[in-house]
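J.: make a model of this:
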Amino acid sequence: MPVRDQAQGRAQDRAQDQAEDRTKERWIAHIEAARADLARSSTAARVAGMLREQIIDGLLRPGERLSEQQLHQLTNVSRNTLREAFRMLVEERLLVHEFNRGVFVRHVTPEDVVDLYRVRRILECEGVRAAPTAPPEALARLEAAVSRGERAAEQGRWSEVGAADIRFHEAVGGLVGSPRVNEMLYRTLTELRLSFHEMVSAREFHEPYLRRNRLLTELILGGDVRAAERELRAYLDDAEAQLLEAYRAAGPARKG
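T.: The predicted structure follows:
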């Protein structure tokens, strides 16, 4: 390899390392900011909820080690409470406990992606079909989520675009009006969010779906349920295929 190419490769590696360090600093800063709130309500469920939100926001990435000692110091939450929160998230397939190594954010597998999209088709398509009877506030959440993603894209905040996309699809499922559907879809989308990190470029992945989110919203608000469901199914097929291709391109290192 030419010396110039080697130098460029090293520079790119350093830039990637620096970007990952900044991401890690962001999620730690968010936890520190929530410390006072946690002190008032130091329950495992709240800690687990906080970590889920960090995953949705793209701040906790697959392979990230969650240090019990560090979180204990940052939050003043007892170690037993932290362990219970970790246990909850392991059961939800968001974290994994490795013997003698600790707790890590889980790598979602290609098989997981296929199953997650299977669940999404069931829940989100039912949301589209329920749109004609959905209350105005549920429909308004679609527009709010799309607008949030568009604003984040204008400012080049692509991780936030990914989070807004999750909120948009939560809103689609929310048209059903079922707390149980909301909970199932929230957990499904949180787990799926981890797979987004397989994409080389967050912008290239998310940008086309901003336009499709806008189109889907217009179809739903316009009352064209059949066209909206067709668009949603095509959308989910395309996104699933794109993610699976990213796994194939990454090779066997991302199989587990």
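
J.: okay, and the helix or strand of this protein with the least pLDDT?
T.: Least confident helix or strand of the chain, by mean pLDDT, DSSP states H and E, is helix 35-40 with a mean of 59.

J.: tell me how far the helix or strand just after that helix lies from the chain's centre.
T.: Where DSSP states H and E defines the elements, the next helix or strand beyond helix 35-40 is helix 44-56. Relative to its chain's centre, helix 44-56 lies at 12 Å (C-alpha atoms, centre = their mean, to the nearest Å).

J.: for the helix or strand following helix 44-56, give me every contacting residue.
T.: Moving toward the C-terminus from helix 44-56, the next helix or strand (DSSP H and E) is strand 65-66. Applying C-beta atoms under 8 Å, 6 or more residues apart in numbering, the set of residues contacting strand 65-66 from outside is 51, 60, 86, 95, 101-105. (C-beta placed from N, C-alpha, C; glycine too.)

J.: around residue 236, count how many other residues there are.
T.: 17 (other C-beta atoms under 10 Å).

J.: just the element for it, please.
T.: helix 225-250.

J.: tell me the mean pLDDT over that helix?
T.: What helix 225-250 shows for mean pLDDT is 96.

J.: quick one on the thing from earlier: okay, among the contacts of strand 65-66, which ones form the most distant pair?
T.: 51 and 101 (18.3 Å; C-beta to C-beta).

J.: between those two, which is the more surrounded one?
T.: The neighbour count for residue 51 versus residue 101, taken as other C-beta under 10 Å, is higher for residue 51 (24 against 9).
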